[in-house]
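Undergrad: Model the following, please.
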Amino acid sequence: MRKDALLGQSEMLVLIAVLRLGEEAYGVPISREISAEIGRDVAIAGIYSTLERLERAGLLKAEAGEPTAVRGGRAKTYFTVTAEGVRQLRASQRILQTFWNGVPKLEGRRA
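TA: The predicted structure is shown next:
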């Protein structure tokens with residue numbers, strides 16, 4: 001991702017969910033957190049592709065947990081937001097807030 005570029009909606013949602021979940025940030029809870037907030041189901045495959053894209057861009061760090069018998073010996077992959085991820089998320093937030101300011105129909109004024 002280009003520095004200071006506006007993150008896409010899916011990237012912002014995933015980064016925010018990871019920040020909110022803290023140490024419990026792995027695929028399924030991330031998906032559930034986003035679904036609960038937006039009020040509709042999200043495809044888990046879309047979440048994983050976004051997680052991979054954000055990790056490649058250096059905005060997320062992935063770390064394997066301990067293998068569990070419940071998962072057939074497979075480990076969960078936990079995610080944390082990097083300092084660069086926080087920076088880009090904040091930059092995107094500022095861009096959107098600035099862009100939304102002054103839209104009369106959204107400020108309760110008549111256009």
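Undergrad: Now do the same for G102: helix, strand or coil?
TA: With DSSP: H, G, I helix; E, B strand; the rest coil as the basis, G102 sits in coil.
Undergrad: With adjacent residues omitted, what lies nearest to E84?
TA: Among residues not flanking E84 along the chain, G58 sits closest, at 5.4 Å (Cβ to Cβ, 6 or more residues apart in numbering). C-beta coordinates here come from the backbone N, C-alpha and C atoms, glycine included.
Undergrad: The one you found - that's part of a strand, no?
TA: No: G58: not assigned to a strand; according to three-state DSSP it is coil.
Undergrad: close enough to count as contact, it and A83?
TA: No: look at G58 against A83 with Cβ atoms under 8 Å: they stay out of range, at 9.6 Å.
Undergrad: So the two - more neighbours on which side?
TA: G58 (13 against 9; other Cβ atoms under 10 Å).
Undergrad: residues of the least confident helix or strand in the chain by mean pLDDT that come out buried?
TA: Across the helices and strands of the chain, mean confidence by mean pLDDT, DSSP states H and E is lowest for strand 60-67: a mean of 87. Applying a neighbour-count criterion of 16 or more other Cβ atoms under 10 Å, one finds L60 buried in strand 60-67.
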